[in-house]
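Asker: Next one to model:
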Amino acid sequence: MTDRLDHIFLQPADFAASLAFYRDTLGWEVVARWGDETGGRGAVLSGGAIKVVLDERPARPVAPPGGPVVCLDIHDADRRFQALPAGAPVVSAPESLPDGSRRFVVRDPDGLLLAFEEASRHRG
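Answerer: Numbers count the residues shown, from 1 in each chain. Below you'll find the predicted structure:
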C-alpha cells in the first residue's frame, strides 16, 4: 500500500485574494479552473512539484475557513479504507465524486484532514 501526496486542498475565505497570491505573488501556473462567481469558483495551481487546489467555499465546507486538506493519491479507496483500524477518526466514508474519482477523509490528532483519493484514471 502506497500513499502519495497529490495536492493541498484549500477553501480560502477570499478566493480572489488567494488566487492572486498563488498566481501573481508566487508565480504559480493556473493549470485548471472551474465555475464562476455565481456558482462557486475553483482553480488548480502548480508550483512545479506541488499542486494547490483553491475551492470557493460551498454551502457545506470541507474544512474550516483557511484550513488545509492534505490529499493523497491512492489506487483503491475502498481497500485502503477497509485497512483502517476500528475506531479510526473517519470524517467521511468512501464516496464517488462527480469526476468519477472516489474519496474518504480522516482527521489526524491535531484536526488536520487527510483525503485519500482514488482518481478516475486508477479505476477500471
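Asker: tell me the helices in the chain, going along the chain?
Answerer: 15-20, 77-82 (DSSP state H).
Asker: which one of those helices has the lowest average pLDDT?
Answerer: Ranked by mean pLDDT, the helices of the chain bottom out at helix 15-20, with a mean of 89.
Asker: ok, back up a step: turn the helices of the chain into TSV, columns for mean neighbour count.
Answerer: All C-beta spots, glycine's among them, are computed from the backbone N, C-alpha and C. Shown next, in TSV, are these (neighbours: other C-beta atoms under 10 Å):
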stretch	mean neighbour count
helix 15-20	15
helix 77-82	16
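Asker: looking at these, which is closest to Arg103?
Answerer: Judged by C-beta to C-beta, the one of the helices of the chain that comes nearest to Arg103 is helix 77-82, at 6.4 Å.
Asker: Mind giving me the packing neighbours of the closest one?
Answerer: Where contact means 3 or more C-beta pairs under 8 Å, 6 or more residues apart in numbering; DSSP states H and E, helix 77-82 is packed against strand 90-96, strand 102-107, strand 113-118.
Asker: Sheet partners, orientation included, of the last one?
Answerer: The strands that strand 113-118 pairs with in its sheet are strand 68-74 (parallel), strand 102-107 (antiparallel) (by DSSP bridges).
Asker: Was I right to think Asp73 contacts Arg103?
Answerer: No: using C-beta atoms under 8 Å, Asp73 is not in contact with Arg103, being 10.8 Å away.
Asker: Which residues are in contact with each of the two?
Answerer: By the contact definition C-beta atoms under 8 Å, 6 or more residues apart in numbering, Asp73 and Arg103 are jointly contacted by Glu117.
Asker: Tell me which residues are up against stretch 33-53.
Answerer: Taking C-beta under 8 Å, 6+ apart as the rule, stretch 33-53 contacts 5-10, 15, 19, 22-23, 26, 28-32, 54-58, 71.
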